[in-house]
Every structure is written in structure tokens, then in C-alpha cells.
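J.: Turn this into a structure:
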Amino acid sequence: MPRFKERRTWRLLQNVPPNVFRLVREALSLRQKVVLTRQSLLFLKRCKATEILPRFIQNKQLGSVCGLPDNHPRIKNIYRSLLNVVIREKEHLLYSMLLKCEAKEESCRRLLSEELWRRIEGESKRLCDLIRSDAKATLCAKYDSLRDAQRVRNSDNVHSSSNFNRSEQQSSQQPNILPEKARVTVVGDARIPSKAVDFLSLGPSFSLTQTINPLTVRKIVCGLQKFRDQLRTKARRDSQGQMVERLERTTPTPIPFPQSFYKESDPFPEADIKFRVLSAGVLNALDKFKREKRSNLTREQWEGFNEIRERIKRNELRLSVSDKGGEFVILPQSLDREITDRLHLADTTVYRNTTEKAFLMQTHKLSTLWVKVGKMAKLDERFIRRLKQENPTCPVFYSLIKTHKLSAENVQSLLPQAYKIRPIISCVDGPTDRISWFLNKIIGQLLVHIPSRLSNTGQFLDRLRACRPQRDCVVESFDVSALYTNVSNDEALQAVSEMLDQHERSVLTFGLSKAQIVALIKECLNCNIFKRVP
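T.: Modelled structure (predicted):
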């Protein structure tokens, strides 16, 4: 069921009898969803009429995948087709929601007293008007930004096409500027053949066509089986309603980690019928194309691919992606080790060497505490076992080169100080991977109470647009030199403890006390042992 888009809607349910509480809640939330969907549909139709592409279609970047510019007629036709499909889907969704909403409102009108329903309906219309005006203002601002961006792109295209030769001459006279939107950056003294450069220039988003062999069929069938179980679980959860809501207050769902043993879910006819139609179409398409052998690489690109793979196996090169540029980065293994070991991990105030024994001891300590806390909180035993890592993998340290902060004269530099990196520790299948996910479900609820928190860049831009400074005010922008600084663990734990005390009524802890939550967080922070990429 969709949630309320306006929190004040809960006030309308104060005097609703328990036997129709769920029905009224669904009717109100559906009406709000209808209002938002209708505004979204109008926005898409306006984009279609003025030939402006929404960002979710622009972000597909089909031109780079196909090797064509985004203003190519073929790419434009594909984008228009995608927009038409999205509009049709929105129309179908709106129609189905309207039918459901009208049916539920009619049932509410029949089961509730006339005075109570008239009051709820009137307040609901007022809230829907507020939601409509907010959504309309947001979408209008989004449309204006898309229109302005398209005007800039069109002017840039005209300017670049009319001054192509002049820009070539200027680029040759400015050696400090890197090529724009390169798909591969060769760092240091790495030397790779032109065939390898041609292959890597396809970019990280490029995908090789693969022959359909028995392994491919097995993966597809296993994926279909997993999807069928998910459909059955979701359909069963939707049919149970309030019972599932009570269960979700004891264990968070869905759990993104696999079970130790596979158990086929019980059949659910409504979901199984739809799944049979889907699986039949997938298997028919698989049988149709499994005999075809195609390749989306040329012979020269295949040779470049094999060359790169062999040199990586010989530990001569490291292949990665850039931090924000979205391109491949090739650098010598020796330079990569110097950047990592001498420049970053050499800081003894942050890092020190340890042993495998210490890692195993800390892992055992965390697992023991998790089982103890889970049993004291009366969590489901299957949930406790699922989040306990029997054989965890040691987290791995790796880094990404910040090519957007690299000048052309430093690209070939052999000095590690010339490169800025983004250090990353991958904790996938690590000792804290699953337990930290559960803790994040609890602590993440506190983020709404932090006024300075921004979920994404779009939210920041919305706040800037909503800002109305006075005439004697000046807007300043600063570049932050250290955005993610080190934080004291003790002070962070104290802040979490104080916020849990302050907002304990609005935080769902799944049965854990504040002391247990803080103890688990502290033990996860102590599991800070990692290894570097060899």
C-alpha cells in the first residue's frame, strides 16, 4: 500500500472504527497517489509536446552505448519511443488506481456515518490540494531547468559545429586541459597498444555479448526461480495485510542476504499464473536465440581485450574506473602500490599492521555479541542465524583515481603525490556486512531529525530555489577541502545515544534496547581490519 504523502492525514483517522481503519487508510492514500500520478502524467505529456526529455531518459546515455551522439536522429527516435511507453504505462497505472480508489471510497461511504465521512472527505480534498500545488510547483521548476539545459545544449552544439576547426587549434595550444569525456585514461608510464585503447574506449558501461551455453541457461532458470519465490512472498504479504505489519515490527523485510538453505515457497495461484506467462516468454526467447553466435567486438578489439587481460594477469597493469569521470583508468601496478602504500596507508596515526588471528578474534567477538543480543531481544532465531557470518571474508581496501582533479601535465607523472584518490573499503561478505545493515535500519530513522541532512543533490537544489534572500544579502559558495573528516568513535556513539533518547518514541528498534544498539555499533566499529588489493 502507498504511504501517506502528507503526515497530517493521520489526524483524519482518529475517530475511525477499528474494523474499517485499514479501508479508510487505503482510500486516503490512494487518492493522494492519484493526485501525484496525474501531475506526473501531465509533466510527461508536456515534455512530449515540447520535445524535452526528462532526466531519467537522458541518463540512459544510449548515444554513448551505440557510439552515436545524443542528437542523432536514431537516438532521438529511441528516446521518443521510451517517453511514449512511459506515458502509456502512467495512463494505465492512473486508470487502475482510479478504479480502486473509487471502489474503496464507495465502501467507506457505505460503512461510515455520513457526518464522519463528510468530514474526512473534506479534509482529504484540502490536503490533496496542498499536495497537488506542491507537486505542480516542483514539476514546473524541473521542467524549467530541463528547458534551460536543452537551450544550452542546443547553443553548444551550434557553436561546436561552427567552430570545430578553431577549437582543434585552441586545444593544441592548451596542453593543461584534458580531453573531455574520455572513456579511458592511461596514467603514469603505462604503455598499451592502440588495439587495447580502442577496446577500452568503449567505456565501463559497455557489455560483451555472450554465447548462450548451459551455464547461461542455468543462471537464467535460477533467476526465474528466485523471482517466482519473491512474487509469491510479496503476494502473500499483500493478502495478509495487518498481520504482516505486526511481523515487520519484529524483523525488517525484505532481507537482502541469501538463506543458508533453499526452501521452495508455498504455491500462490494468483502469482503463479502471471509467472508462468513471464517464464514461458523468457524461455521461448532463450530457445530462439541460443543457436545464434554474435559478437559486438571487432577482431582488433578482441586482440586488445586479450592483451589487457594477459598484462593484468602478469601483474603489470591495474584496470579500474575513475572516481567521478565514468571512464577506465589504466596504471602500472608499481605506481598503484606506491600511491596506496606510501601515500595513503603509510599514515601511522590512522593505520597499523595486524594479523589474521586478530581479525578472527574480533569476528568471533562480534558474532557472539550478536547472538546474545538477538536472543535477549527475542528476535526470530532464523533471522539471527541469517545475519550471523560463519565464514566472513576480510574487507578489501582499494582506491579510485580522481581523474577530474588531474591536469594533463601530471597524467604521465610517476610521483604518487601527483594523484588524489578516493579510498574505499569493500565489506561485502565481511563480518559487519549483515549486522550493520540491520543497525542501519534502526539508526537510519534518525536522519529525518537532522536539519542539515541532504539526501541528494536534487534536494539541495530545491532548497536553493526555495530560498528567498533579502536584497542586502549575498549568496556565497565555498569549496570544501575535507568533506569527510575523521570522527571520534566515542563522540559518535554518544551522539547516537542522545538521539535515541530524544526520539525513542518515533524509532522502531525491533525489540533492542538503547544499550544493545550502542554495544553492537561499537563492536562493528572495532571490526576495522582490512587487506589491500594484491
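
J.: separation between Gln210 and Ser497?
T.: Applying Cβ to Cβ, to the nearest Å, the value for Gln210 to Ser497 is 51 Å. Just so you know, the C-beta spots here come from the backbone N, C-alpha and C atoms, and that holds for glycine as well.

J.: again, but for Cys222
T.: Counting by Cβ to Cβ - Cys222 and Ser497 are separated by 44 Å.

J.: Of the two, which one has the most company?
T.: Ser497 (15 against 11; other Cβ atoms under 10 Å).

J.: so where does the more buried one fall, helix or strand?
T.: Per DSSP states H and E, Ser497 falls inside helix 489-502.

J.: Likewise for Arg422?
T.: Element membership of Arg422 [criterion: DSSP H and E] is strand 421-426.

J.: Domain map for this protein?
T.: 7-161, 214-289, 356-395+430-467+480-532 (automatic domain parsing).

J.: These: which one's closest to Arg311?
T.: Among those, domain 356-395+430-467+480-532 comes nearest to Arg311, with 20.3 Å by Cβ to Cβ.

J.: start to end distance for the closest one?
T.: 13 Å (Cα to Cα, to the nearest Å).

J.: What mean pLDDT does that domain get?
T.: The average pLDDT within domain 356-395+430-467+480-532 is 90.

J.: again with stretch 214-230
T.: If you average the pLDDT over stretch 214-230, you get 90.

J.: burial measure for the closest residue to Val507 other than its chain neighbours, as a count.
T.: Nearest residue to Val507, sequence neighbours excluded (Cβ to Cβ, 6 or more residues apart in numbering): Gln445, at 4.9 Å. A count of nearby residues for Gln445, using other Cβ under 10 Å, gives 16.

J.: Could you report the pLDDT at Glu26?
T.: Glu26 carries a pLDDT value of 85.

J.: Do I have it right that it meets Lys104?
T.: Yes: at 5.7 Å, Glu26 and Lys104 qualify as touching, with contact defined as Cβ atoms under 8 Å.

J.: Distance check, the residue positioned nearest the centre of the chain against Val86.
T.: Centroid-nearest residue in the chain: Asn456, 11.2 Å away (criterion: Cα atoms, centre = their mean). To Val86, Asn456 is 21 Å away according to Cβ to Cβ.

J.: Please apply the same query to Thr432.
T.: Thr432 is 39 Å from Val86, by Cβ to Cβ.

J.: Those two: which is more packed in?
T.: Between Thr432 and Val86, counted using other Cβ under 10 Å, the more crowded position is Thr432 (24 against 18).

J.: Look up the closest residue to that one, ignoring the ones flanking it.
T.: Closest to Thr432 by Cβ to Cβ, 6+ apart is Cys524, at 4.5 Å.

J.: quick one: the strand or helix carrying that neighbour to chain centroid distance?
T.: Cys524 is part of helix 514-526, with elements assigned from DSSP H and E. Distance of helix 514-526 from its chain centroid, counting by Cα atoms, centre = their mean, to the nearest Å, is 26 Å.

J.: For stretch 287-306, measure first residue to last.
T.: In stretch 287-306, first residue to last residue: 30 Å (Cα to Cα).

J.: What residues sit buried inside it?
T.: Buried residues in stretch 287-306, counting neighbours by 16 or more other Cβ atoms under 10 Å, are found at 297, 301, 303-305.

J.: Please list the members of those residues that lie in helices.
T.: Using DSSP state H, the members of those that fall in helices are 301, 303-305.

J.: Would you map the strands across the stretch 251-400 of the chain?
T.: 317-321, 328-332, 396-401 (DSSP state E, counting those that start in this stretch).

J.: Which strands and helices lie in contact with the helix or strand harbouring Leu215?
T.: Using DSSP H and E, Leu215 sits within helix 214-240. Packing contacts for helix 214-240, counted by 3 or more Cβ pairs under 8 Å, 6 or more residues apart in numbering; DSSP states H and E, involve helix 269-289.

J.: could you give the angle of the helix it packs on to helix 214-240?
T.: 160 degrees (axes from the mean of the first three to the mean of the last three Cα atoms, to 10 degrees).

J.: Which other helices and strands does the top helix by length along the chain contact?
T.: Looking across the chain with DSSP H, the single longest helix is helix 114-162. If contacts are counted by 3+ Cβ pairs under 8 Å, 6+ apart, helix 114-162 sits against helix 21-49, helix 73-111, helix 457-466.

J.: how far is that helix from where the chain is centred?
T.: The chain centre lies 24 Å from the centre of helix 114-162; the measure is Cα atoms, centre = their mean.

J.: and if you look at stretch 76-90?
T.: Worked out by Cα atoms, centre = their mean, stretch 76-90 lies 23 Å from the chain centre.

J.: Using CSV, list the CA coordinates for that stretch.
T.: What follows is stretch 76-90, C-alpha atoms only, in CSV (Å, rounded to 0.1, in the frame of the first residue of the first chain):
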residue,chain,number,x,y,z
LYS,A,76,16.2,10.8,-30.7
ASN,A,77,13.6,8.3,-32.1
ILE,A,78,14.5,5.8,-29.4
TYR,A,79,14.2,8.4,-26.7
ARG,A,80,10.7,9.5,-28.0
SER,A,81,9.6,5.8,-28.0
LEU,A,82,10.8,5.4,-24.4
LEU,A,83,8.8,8.5,-23.4
ASN,A,84,5.7,7.2,-25.2
VAL,A,85,6.0,3.9,-23.4
VAL,A,86,6.4,5.6,-20.0
ILE,A,87,3.3,7.8,-20.7
ARG,A,88,1.2,4.8,-21.6
GLU,A,89,2.3,2.9,-18.5
LYS,A,90,1.4,6.0,-16.4
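
J.: Buried residues in that stretch, which are they?
T.: Under the neighbour-count criterion of 16+ other Cβ under 10 Å, stretch 76-90 has 78-79, 82-83, 86-87, 90 buried.

J.: Would you format those residues as JSON lines with distance to Ile255 included?
T.: Shown next, in JSON lines, are the buried residues of stretch 76-90 (distance: Cβ to Cβ, whole Å):
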{"residue": "Ile78", "distance to Ile255": "37"}
{"residue": "Tyr79", "distance to Ile255": "37"}
{"residue": "Leu82", "distance to Ile255": "33"}
{"residue": "Leu83", "distance to Ile255": "36"}
{"residue": "Val86", "distance to Ile255": "31"}
{"residue": "Ile87", "distance to Ile255": "36"}
{"residue": "Lys90", "distance to Ile255": "31"}
